[in-house]
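Asks: Below are the sequence and a predicted model; questions follow.
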Amino acid sequence: AQSVTQPDIHITVSEGASLELRCNYSYGATPYLFWYVQSPGQGLQLLLKYFSGDTLVQGIKGFEAEFKRSQSSFNLRKPSVHWSDAAEYFCAVATRVTGGGNKLTFGTGTQLKVEL
Amino acid sequence: EAGVTQFPSHSVIEKGQTVTLRCDPISGHDNLYWYRRVMGKEIKFLLHFVKESKQDESGMPNNRFLAERTGGTYSTLKVQPAELEDSGVYFCASSQGGLLGGYTFGSGTRLTVV
């Protein structure tokens, strides 16, 4: 069965520092991978997605992620964190289900705190 | 365009009571999804509608949960009777072209059962 692991529950970085959030997935086929962010009181917002092609994916808000098949990883990075990036980040993999639909399997999330 | 709207944003009910959550998807989006996050755990899929039909309800926890989507527009998720373990945040999402076209999530309903 598919699964997503985000090993870091909480991460604290200083504003201006670089950031890397880890994500490992388990899925038998070619994965469709996503990163979402949830700010307080907001819904889940899509940061970026990987379906195929270039393994380095650019997203919104200056985020990028790199798909590494050999490591089953899809880590999220940002070169310089802003205080407004403090939020919870979720990695997810899409799986096809009976009837042709799709659903997302999420990791448990990483809470990012930014110190000024 | 208006986003996915969920209400109430918060609900506190007693064990054994009934609660109905509502989701208004983006107009024209045929696909509607419900997800749930229990405290400290991952966000889990509950079910998927295509228009008014249930495409996949494999994630529904038990028969105390009933989801409907009237006329392929808004959807409701009823919990009857509510139990303590039903507490969590319930998210709704919609999409036009299926998952690969991108979901838009609502801000969620935080349900607390006491």
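Replies: Alright, I've got the coordinates.

Asks: Where does A:S84 sit: helix, strand or coil?
Replies: Secondary structure state of A:S84, per DSSP: H, G, I helix; E, B strand; the rest coil, is helix.

Asks: Near chain B, which residues of chain A are found?
Replies: Proximity of chain A to chain B (CB under 8 Å from any CB of the partner chain) is limited to residues A:4, A:32, A:36, A:41-46, A:49, A:51, A:90, A:92, A:94, A:97-109. (Glycine included, C-beta is placed from N, CA and C.)

Asks: For chain B, what is the nearest residue in chain A?
Replies: Of all residues in chain A, the one sitting closest to chain B is A:N102 (3.5 Å; CB to the nearest CB).

Asks: So that residue versus A:L44, what's the distance?
Replies: Using CB to CB, to the nearest Å, A:N102 is found at 16 Å from A:L44.

Asks: Verify the stated contact: A:P7 with A:L21.
Replies: No: at 9.6 Å, A:P7 does not count as touching A:L21 under the criterion of CB atoms under 8 Å.

Asks: These two: which has the busier surroundings?
Replies: A:L21 (23 against 11; other CB atoms under 10 Å in any protein chain shown).

Asks: shouldn't the more buried one be in contact with A:I11?
Replies: Yes: A:L21 lies in contact with A:I11 (CB under 8 Å); the separation is 6.8 Å.

Asks: before we move on, the earlier item: any quick PyMOL command for the buried ones out of the residues of chain A next to chain B?
Replies: Of those, the buried ones can be selected in PyMOL as follows, counting by 16 or more other CB atoms under 10 Å in any protein chain shown:
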select buried, chain A and resi 4+32+36+43+44+46+49+90+92+94+97+101+102+103+104+105+106+107+108+109
